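> Predicted model and sequence follow; I will ask about them next.
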Amino acid sequence: MQLFDGTMTIHLGQHKQPSASAWRLYIFLGEIDCETHWWELNVHCSNLRSRTSMLLVNTSENFMLLWHGCQTSEQQQNLAKQSAMKIRDKCPQEFHFDGINDDIEFFEMQEGDEIELFWDGINERTHQRKYFSTLAKPFQHTLPAIRIYHLSSLHGPFVAQEFVYTLRSSDSHAVFPFKQTDLYEFHQPALCLIDAGYEIFIWQGWNDQTDAELKSQLSNANLVVQTPKDIRFTTERRCAFQTAIDYYTSNEMKSNFDLYFRISLAKTGSSTVDIPCSVVYAGLEPIDFINLFPKWNVHSKARQQNQRVRQRKLVNQENHFLLFSFRMVKK
Amino acid sequence: MNQKDSVIDLLNQLSRTQYSLDELRARPLPEG
């Protein structure tokens, strides 16, 4: 990565076939000047992230728009600008700019203070923020880096193993240390504890079955008892939920969590929020969870499986309720 | 989409130690 002098860019599609649209969107990653890099994303408002900077490029009219999310530090913004300027000077052919570096017009802007050209570029003329924007949220300027622990009892005891970021460095703050694939590559159904600094998530994977297995299971869903695999997974989930609560109560960052939640409680006036621990399901993740990762594609198989599990649960609950009320009436 | 459950609620559901007879007769059995 250091060979590219902080301008490594991963483009979408193929080198010789530039995409039909002139607008391209890149997300800024990395914390040290020689390791900064860009990832191309589809041009869509939901792909913006308040935690980092984005580069919106128009290759036919030669525009470069550098956008800084409201949670980026000054240091990060400088790094992003430095890298974007290098790209402008080099004008790599992979960007397919229609001209030389002097032709490229450069704009810089902050989240919340965008120019109209930016909204035109991402095709969001109503200026709606379809990502988890922290502009109006009571977050501190920079949140601590997220941490992921893989929870499993595959080898007997239930163990939490922290996942490490390969580009970590002691004196910089990692903005997006993990990718979506880090979660989806575990043996499924996996359980992970994600400490986002202001909330703890338990991410629950999906049951990776073949269609035939699924069909047979569905056809006699009401007859079969739980398999040992199901029972073990239920036990693992119980342990994971307990771990999340213990993690929260023993965490040094408790004051951080409390601060955020007290403010948001005061704002919403709700009294039901207890502690900031929630469970999210593979394929059905909420937007605030998705935005902890730089790039996100919904995993359709996981979504299908988890949706089916939830529907079945709801039907069962209804059946229990009906049965119960029927007996009450009989009595 | 946008599914988020409270850890505490789920933990309480999974750590019950007492079930009524009706619940135990029903199939599939409750989780936990």
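All right, it came through fine.
> Quickly find the element holding the spatially most central residue of chain B.
Residue closest to the mean C-alpha point of chain B, counted by CA atoms, centre = their mean, is B:Q13 at 3.8 Å. Assigned by DSSP states H and E, B:Q13 belongs to helix B:7-14.
> Double-check that A:L55 belongs to a strand.
Yes - applying DSSP: H, G, I helix; E, B strand; the rest coil, one finds A:L55 inside a strand.
> nearest spatial neighbour of it, skipping sequence neighbours?
Spatially, and ignoring its direct neighbours in sequence, A:L55 is nearest to A:Y26 (4.3 Å; CB to CB, 6 or more residues apart in numbering or on different chains). To be clear about C-beta, it is placed using only N, CA and C from the backbone, and glycine gets the same treatment.
> In three-state terms, label the one you found for me.
At A:Y26 the chain is in strand, as set by three-state DSSP.
> Double-check the residue nearest to the centre of chain B against B:Y19; I have them as touching.
No - using CB atoms under 8 Å, B:Q13 is not in contact with B:Y19; the gap is 11.5 Å.
> Show me the helices in chain A, by range?
With DSSP state H as the criterion, chain A has helices at A:74-90, A:116-121, A:180-184, A:211-219, A:228-250, A:254-268, A:287-290, A:300-330.
> Comparing the ones you listed, which yields the minimum mean pLDDT?
Ranked by mean pLDDT, those end with helix A:254-268 at the bottom, a mean of 56.
> give me the beta-bridge partners of A:E40?
Counting by DSSP bridges, A:E40 forms beta bridges with A:Y26.
> Model confidence for it, exactly?
A:E40 carries a pLDDT value of 93.
> residues contacting it?
By CB atoms under 8 Å, 6 or more residues apart in numbering or on different chains, the contact list for A:E40 reads A:T9, A:I10, A:H11, A:L12, A:R24, A:L25, A:Y26.
> distance of the nearest residue to the fourth one once chain neighbours are set aside from A:L191?
So that's A:L12. Distances taken as CB to CB, 6+ apart place A:E40 nearest to A:L12, at 4.5 Å, with adjacent residues excluded. For A:E40, the distance to A:L191 equals 32 Å [CB to CB, to the nearest Å].
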